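> give the three-dimensional model of this entry:
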Amino acid sequence: MTSRRRISRRQLLGGTAALGSVLSLVELPANGRPLQKGGLNKHSAPSQLKITDMRAIRIASNYDYPIIRIDTNQDVYGLGEVRDAGNEGIALVLKPHLVGRDPLSIEPILESIRKYAYHQRIGGGYSAVDMALHDIAGKVYGVPCWRLVGSKWRDRVRIYCDTTQSKNPELFAARLKDRKKKGFTFFKMDLGTRLVADIPGAVGYNGAATEKGLKLLCEYLEAVRDGIGWDVPLAADHFGKISVNDCIRYARAFEPYQLAWAEDMLQDLFHGKGEASLDDWRGYKEIREATTTPQAMGEGLFGLEEGFQPFIDNHAVDIIHPDPLTSGAIRETKRISEYASIHGIQTAIHFAGSPVGCMACVHLVATIRDFIAMENHAVDIPWWDDLVTGVAKPIIQNGYIPVPDTPGLGVELDEEVCRQHLRVPGYFEPTPQYDEYIIDDFRPGGPYPHLDEHGNLVNER
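A predicted model of the protein is given here:
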């Protein structure tokens, strides 16, 4: 018979005290750095942590990068990014909705500003705030952003890069072949109708390629396939302003080249056209059912309920293709991808911003189960990597980006490099013009009542 040793209350309390002294060594303050001494870290929110300010810079690039910084009262801040080619004002108008609040209350804050988000660049304000709040929380708790929203499915993220087009098919193919030499394993090309617009008889009265024009466009696909191989994934986009019927003609013509996807075939048609055109899941479903060329779409949509749900519910596309800097950044885009996964639809990621937004997307992608590839639009910008510190360089390594395990987003801005590429003078200057509420309602289908379509403040109150 086994005897059991009885433990006295004094011994139990003594053991607990010893355990507490060990755990005290791992306490983390608000800035995410380990304390040398102190009490027990219960991984709870610092009781007095509050948002105190929001500021911004804009980096001049192929598409400008509006980057925001949310400051707190406890030596910790978070970085976020508005959608490329957008304006920092889209985020800064949200400042009075944030100041004074606990940045660790991520979901309540996001819910309170959701009504000010919308499709296209207007989703960039909400998305930038999401990134910055996750950056702060990761630093506070000493964990990478991906850990805040789920488990990690992968240690590195597969990258595809857009490739500048040429009217010379052989030169076009050579550019993509050069991407392969750099280690990329996934490719995309712009296959716009404008490539053949100067050839007599190649483009019809409605701006779509004729049968002659389609044969010429297929010559580009043939050249690229011969250059990079027929066994690697190749996607295509930017076909021009073409109708549903013409999209079907294009997609059928592309079938022999086994594209990974044809992207946003109706996208150019509804750019700038307002709300009604953004919910045309029926048009995409018609295209999808008429061709074997996979259909991907979504870079201009915000939110699950507001944008993606009808496309997913009705199996109108084969692949969703959100840009997290519009769709809602980390938390919302994960919701979208999980909903799509339930319906058997995979996720690819559109991205054309700075390393700040890029790393936010990398954290997100680490938690997406049914993921294909993520875009990068800065492969030809030599100073892109230099904008940040904290990650290994080059950021893209043989066509992949490693997922950081450091707190928050895992990157900080290199102030000296950023100052060399500012579009607007001043480095995170004060923003008192945004201190008061300048948003009191929102009109679906259009920009903020007090911002122009690019996010510029036009009617200060």
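
> would you map the helices across the stretch 51-200 of the chain?
Using DSSP state H, counting those that start in this stretch, the helices found in the stretch 51-200 of the chain span residues 89-92, 95-98, 106-113, 124-141, 145-149, 169-181.

> between those, which one is nearest to residue 432?
Counting by Cβ to Cβ, residue 432 lies closest to helix 95-98 out of those; the figure is 9.9 Å. (Each C-beta comes from the backbone N, C-alpha and C, glycine too.)

> which other residues reach that closest one?
With contact meaning Cβ atoms under 8 Å, 6 or more residues apart in numbering, helix 95-98 is reached by 51, 53-54, 70, 109, 112-113, 116, 129, 431, 434-438.

> now do stretch 396-405
By Cβ under 8 Å, 6+ apart, stretch 396-405 touches 144, 146, 152, 154-159, 182-186, 358-359, 362-363, 365-366, 374, 376, 379, 390-392, 395, 410-411.

> and the pLDDT for the residue sitting nearest the centre point of the chain?
The centroid of the chain falls nearest to residue 324 when counting by Cα atoms, centre = their mean (2.8 Å). Confidence at residue 324, expressed as pLDDT, is 98.

> over to it: give its phi and psi.
The phi/psi pair for residue 324 (degrees, to the nearest 10) reads phi -60, psi -20.

> go on, residue 223?
phi -60, psi -40.

> ok, now residue 237?
Backbone geometry at residue 237, expressed as degrees, to the nearest 10, gives phi -150, psi -170.

> may I have the phi/psi pair for the closest residue to it other than its chain neighbours?
Computed as Cβ to Cβ, 6 or more residues apart in numbering, the closest residue to residue 237 that is not its neighbour in sequence is residue 263, at 3.6 Å. For residue 263, the backbone dihedrals (degrees, to the nearest 10) come out as phi -100, psi 130.

> show me the beta-bridge partners of residue 263.
residue 296 (DSSP bridges).

> filter the contacts of helix 95-98 down to the buried ones.
Buried residues within those, counting neighbours by 16 or more other Cβ atoms under 10 Å: 51, 53, 54, 70, 109, 113, 116, 129, 431, 434, 438.

> retrieve the pLDDT associated with residue 46.
For residue 46, pLDDT reads 73.

> wait, it sits on residue 140?
Yes: under the criterion of Cβ atoms under 8 Å, residue 46 is in contact with residue 140, at a separation of 6.8 Å.

> so which of those two has more stuff around it?
Higher neighbour count among residue 46 and residue 140: residue 140, with 25 against 16, using other Cβ atoms under 10 Å.

> still on that earlier bit, return the residues in contact with the residue nearest to residue 237.
Contact partners of residue 263, counting by Cβ under 8 Å, 6+ apart, are 188, 235, 236, 237, 296, 297, 299, 321.

> on that earlier part again, which one of the buried ones among the contacts of helix 95-98 sits closest to residue 208?
For these, the nearest to residue 208 is residue 116 (37.2 Å; Cβ to Cβ).

> state the pLDDT value of the closest one.
Per-residue confidence at residue 116 stands at 92 (pLDDT).

> ok so, going back, least confident of the buried ones among the contacts of helix 95-98?
The member of the buried ones among the contacts of helix 95-98 with the lowest pLDDT is residue 438, and it reads 72.

> that one in helix, strand or coil?
Assigned state for residue 438: coil (three-state reduction, DSSP: H, G, I helix; E, B strand; the rest coil).
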